[in-house]
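Chemist: Got a sequence here, can you model it:
(one chain, ligands or ions: 2)
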Amino acid sequence: MKTRWIFGNQLCHQLPLLNEADKQNDVILMVEAKSRSLWQSYHKQKLVLIFSGMRHFAEELEEKGFTVDYRKAESFTEAWESHRERYHPDEVHVTTVTDHRMKRALKKWENNLNGEVAVHYHSEKPLFLLSEEEAVDRLKGEGPWKQDAFYRRLRKERDILMEDGNPVGGRWSFDQDNRKPADEDTAFVKPRTFRPDDITKQVIKEVERDFGDNPGNLDAFPWPVTRKEALKKLNQFIDERLPTFGTYQDAMLLDDPFMSHSLLSSSINIGFLNPEEVIEKAEAAYAAGEAPLNAVEGFIRQILGWREYMRAVYVKKMPGYASVNELGHEAELPAFFYTGKPKMKCMEQAIRPVIDVGYGHHIQRLMIIGNFSNLFGISPQAVSDWFNEMYVDAYDWVVLPNVLGMALYADGGLLSTKPYVSSGSYIKKMSNYCKHCEFNVKHQTEDDACPFNAMYWDFLDRHADKLQDNPRMKLIYSQWQKREEEKKKEIKKKAASLKQQLTKGTLEA
Ligand code: FAD
Ligand code: SF4
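Modeler: Ligands and ions are numbered 1, 2, ... in the order given. Purely as a prediction, here's the structure:
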């Protein structure tokens, strides 16, 4: 008899491991392992998403005629032992996992079987467009690599948004058309949400009971917990929200943490939707004239380009990648990352939705939270742990390259040519946050000065040895060097005082 073991982020009906299953003789094993939920103090929304998603998936498999052994256990090992005693499998089939810690745990479990049960690994392909081998093969040498080359190759090979061998519209990327700030009165179509059904309500109760001290709220739980719901969310996005995705991709607006973002990452990363079908639907919307090219190309680039690329970098660079700290940052994470009450309006707007629903859009993650963490020198591992815990779409393979690489430059520029840092002026340009903030974005050293300003120059000054020769940073360094010594001293003094305020907790509201 064969066991087919499905893990909590592989809830995909098209898994090869399922396609070739024999419904009469094979048993599907699924385990809610308490020990796995304790690896970190995960956001309650994330726990509800995974447990409810698993229970719904098990139910769907049973409806399709599979036998499912669904176990709640202290650990995977405990569940496996009971399953083995009950069914006596001679083969176990699993889908390749990407996260390193899970890979190690699986290897250990496999070694402990001493060859008494044969373990077969199946392709993870519907969960990603490329297999691990195919992805890693595209990253030659030890880096740095370029995402755009990776993306173009995939576009050509898969004939996505291509016309006679050339990119549709004559350009590979419409990024420059995707940076419009939103006006205060721009109204975006709200993303579709779902009312918790009985299964989800039960999981919410259990999570409140067993993980009540974990971060996050469960007052509203808006996430799809089945493929059917995820498809509804995808369709609504394509029909009603994709057209404005491109233009406002980098914009931020007070009290609208969603804008035109798809909110599909939690569904794609858990397996409800596969990246290929999401890309196909977006491309079809362009072909039908229902969404403009800058929106469709911008959206497809995120999935075909960034998602696959980040995963390739993770697989290639782990395990060493987890501990990179090129800039030597060691500061602790301030408490407001969990309370959601910083004085800075931009930080409050970026963290609040994370606490409420485990979500923030890309620019909030990158240019607000990542930027702040870099400017204040917070330990990259403290930041990546927080991201791993707090977002509904977070898994190690996507968190580490995005946080350590893209946002914090902790890998020394393996996947971005310069750190994504900015003063308050970028935040003012791309959002209306500053208008509602108690700090003054135009001030640098005054009592009410925007903290991002002095901290930005201080960051450049303290990392000059590593960054001033970077061709993309020469101009900004020449501006800093031209400043009068007295002014530089004043800025450094202000930055030192801000760092103290952060440590003392006086940047909390
Ligand atoms: P949209 O803006 O609608 O984008 C569409 C899709 O593209 C997303 O659903 C996602 O599948 C994919 N995508 C876009 N950018 C990336 C990227 N850089 N890497 C991988 N996929 C991408 N994404 C996660 O899925 N999980 C994370 O834990 C995560 N942590 C991040 C941390 C930081 C510091 C940064 C800068 C980015 C992070 N991202 C992460 C990438 C990106 O921010 C999210 O995928 C996106 O915000 C999810 O929201 P959405 O579905 O509305 O995305
Ligand atoms: Fe953020 Fe500074 Fe603007 Fe306040 S003034 S919202 S701290 S950038």
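
Chemist: Please list the residues of this structure that sit near ligand 2.
Modeler: Residues of the chain found near ligand 2 (C-beta under 6 Å from any ligand atom) are 344-346, 424, 427-428, 433-434, 437, 439, 441, 450-452. From N, CA and C alone the C-beta is placed, and that goes for glycine too.

Chemist: Narrow those residues to those that are buried.
Modeler: Buried by 16 or more other C-beta atoms under 10 Å: 344-346, 424, 427-428, 433-434, 437, 439, 441, 450-452, out of these.

Chemist: now, among those residues, which is nearest to Pro89?
Modeler: Pro89 lies nearest to Cys346 out of those, by C-beta to C-beta, at 53.2 Å.

Chemist: Correct me if wrong: that closest one contacts Met430.
Modeler: No: when contacts are counted by C-beta atoms under 8 Å, Cys346 is not listed as touching Met430 (9.8 Å).

Chemist: between those two, what contacts are shared?
Modeler: Common contact partners of Cys346 and Met430 (C-beta atoms under 8 Å, 6 or more residues apart in numbering): Met252.

Chemist: Report the helix or strand with the lowest average pLDDT across the protein.
Modeler: Within the chain, no helix or strand scores below helix 34-37, which has a mean of 91 by mean pLDDT, DSSP states H and E.

Chemist: Contacts for that one next, please.
Modeler: Here helix 34-37 makes contact (C-beta under 8 Å, 6+ apart) with 8, 47, 72-76, 210-211.

Chemist: next one: stretch 285-292
Modeler: Applying C-beta under 8 Å, 6+ apart, the contact partners of stretch 285-292 are 161, 168, 238-239, 242-243, 245-246, 282, 293, 296.

Chemist: ok, now with 10 Å
Modeler: The contact list for stretch 285-292 (C-beta atoms under 10 Å, 6 or more residues apart in numbering) reads 161, 168-169, 174, 177, 237-239, 241-247, 282-284, 293, 295-300.

Chemist: would you list every one of the helices in the stretch 1-150 of the chain?
Modeler: 16-19, 34-37, 44-63, 76-87, 100-112, 132-137, 147-158 (DSSP state H, counting those that start in this stretch).

Chemist: Select, out of these, the one closest to Met318.
Modeler: Closest to Met318 of the helices of the stretch 1-150 of the chain is helix 100-112 (C-beta to C-beta; 4.7 Å).

Chemist: Average pLDDT for that closest one, rounded please.
Modeler: Mean pLDDT, computed over helix 100-112, is 95.

Chemist: Also stretch 428-445?
Modeler: For stretch 428-445, mean pLDDT is 98.

Chemist: Check stretch 213-220 too.
Modeler: 96.

Chemist: what do you get for stretch 397-408?
Modeler: Across stretch 397-408, pLDDT averages out at 98.

Chemist: same thing with stretch 254-272?
Modeler: The pLDDT scores in stretch 254-272 average 97.

Chemist: By proximity to ligand 2, which residue of the stretch 51-200 of the chain wins?
Modeler: As assessed by C-beta to the nearest ligand atom, ligand 2 sits closest to Pro181 within the stretch 51-200 of the chain, at 13.2 Å.

Chemist: Quick check, that residue in contact with Tyr433.
Modeler: No: with contacts counted by C-beta atoms under 10 Å, Pro181 stays clear of Tyr433, the gap being 11.0 Å.

Chemist: between those two, what contacts are shared?
Modeler: 252-253.

Chemist: For the chain, just list every one of the strands.
Modeler: For the chain, applying DSSP state E gives strands covering 2-5, 27-33, 67-73, 91-95, 118-122, 162-163, 166-167.

Chemist: Export the ones you listed to a markdown table and append columns for mean neighbour count, distance to Lys499 and mean pLDDT.
Modeler: Shown next, in a markdown table, are the strands of the chain (neighbours: other C-beta atoms under 10 Å; distance: least, C-beta to C-beta, whole Å; pLDDT from 0 to 100):
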| stretch | mean neighbour count | distance to Lys499 | mean pLDDT |
| --- | --- | --- | --- |
| strand 2-5 | 23 | 48 | 98 |
| strand 27-33 | 22 | 41 | 97 |
| strand 67-73 | 16 | 45 | 97 |
| strand 91-95 | 20 | 46 | 98 |
| strand 118-122 | 14 | 48 | 96 |
| strand 162-163 | 12 | 50 | 98 |
| strand 166-167 | 14 | 46 | 98 |
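
Chemist: To Ser497, which of the ones you listed lies closest?
Modeler: Closest to Ser497 of the strands of the chain is strand 27-33 (C-beta to C-beta; 46.9 Å).

Chemist: what comes up buried for stretch 411-421?
Modeler: Across stretch 411-421, burial judged by 16+ other C-beta under 10 Å covers 411, 413-416, 419-421.

Chemist: tell me the mean pLDDT for it?
Modeler: Computed over stretch 411-421, the average pLDDT equals 94.

Chemist: and that stretch, how far out from the chain's middle?
Modeler: Here the centre of stretch 411-421 is set off from its chain's centre by 17 Å, with C-alpha atoms, centre = their mean, to the nearest Å.

Chemist: Can I get it as PDB, trimmed to CA atoms?
Modeler: Presented in PDB, the C-alpha positions along stretch 411-421 are these (Å, rounded to 0.1, in the frame of the first residue of the first chain):
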ATOM      1  CA  ASP A 411      23.500  39.800   0.900                       C
ATOM      2  CA  GLY A 412      25.800  42.500  -0.400                       C
ATOM      3  CA  GLY A 413      23.900  43.000  -3.700                       C
ATOM      4  CA  LEU A 414      23.300  39.500  -4.900                       C
ATOM      5  CA  LEU A 415      19.900  40.400  -6.400                       C
ATOM      6  CA  SER A 416      19.700  44.200  -6.300                       C
ATOM      7  CA  THR A 417      22.300  46.600  -7.600                       C
ATOM      8  CA  LYS A 418      21.900  49.000  -4.700                       C
ATOM      9  CA  PRO A 419      20.000  49.200  -1.400                       C
ATOM     10  CA  TYR A 420      16.400  50.300  -1.500                       C
ATOM     11  CA  VAL A 421      16.800  53.100   0.900                       C
END
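
Chemist: End to end on stretch 107-117, go ahead and measure it.
Modeler: Using C-alpha to C-alpha, to the nearest Å, the end-to-end distance of stretch 107-117 comes out at 13 Å.

Chemist: Mind listing residues that contact that stretch?
Modeler: Applying C-beta under 10 Å, 6+ apart, the contact partners of stretch 107-117 are 2-3, 5, 76-77, 80, 84, 88-92, 94, 118-119, 121.

Chemist: For Gln440, which non-adjacent residue is closest in space?
Modeler: To be clear, residue 440 is Asn; Gln isn't right here. Excluding the flanking residues, the one nearest Asn440 by C-beta to C-beta, 6 or more residues apart in numbering is Asp448, at 4.8 Å.

Chemist: Now do stretch 69-89: distance from first to last residue.
Modeler: With C-alpha to C-alpha, one end of stretch 69-89 sits 12 Å from the other.

Chemist: Residues contacting it, please?
Modeler: The contact list for stretch 69-89, computed with C-beta under 10 Å, 6+ apart, reads 1-5, 7, 26-36, 38, 51, 54-55, 57-59, 61-62, 67, 92, 102, 105-106, 108-109, 112-113, 116-118, 206.

Chemist: How far does it sit from its chain's centre?
Modeler: Taking C-alpha atoms, centre = their mean, the mean C-alpha location of stretch 69-89 is offset from the chain mean by 31 Å.

Chemist: Now that stretch: buried residues?
Modeler: 69-71, 73, 76-77, 79-80, 83-84, 89.

Chemist: what does stretch 389-398 give?
Modeler: By 16+ other C-beta under 10 Å, the buried positions in stretch 389-398 come out as 389-398.

Chemist: This completes my enquiry, with thanks.
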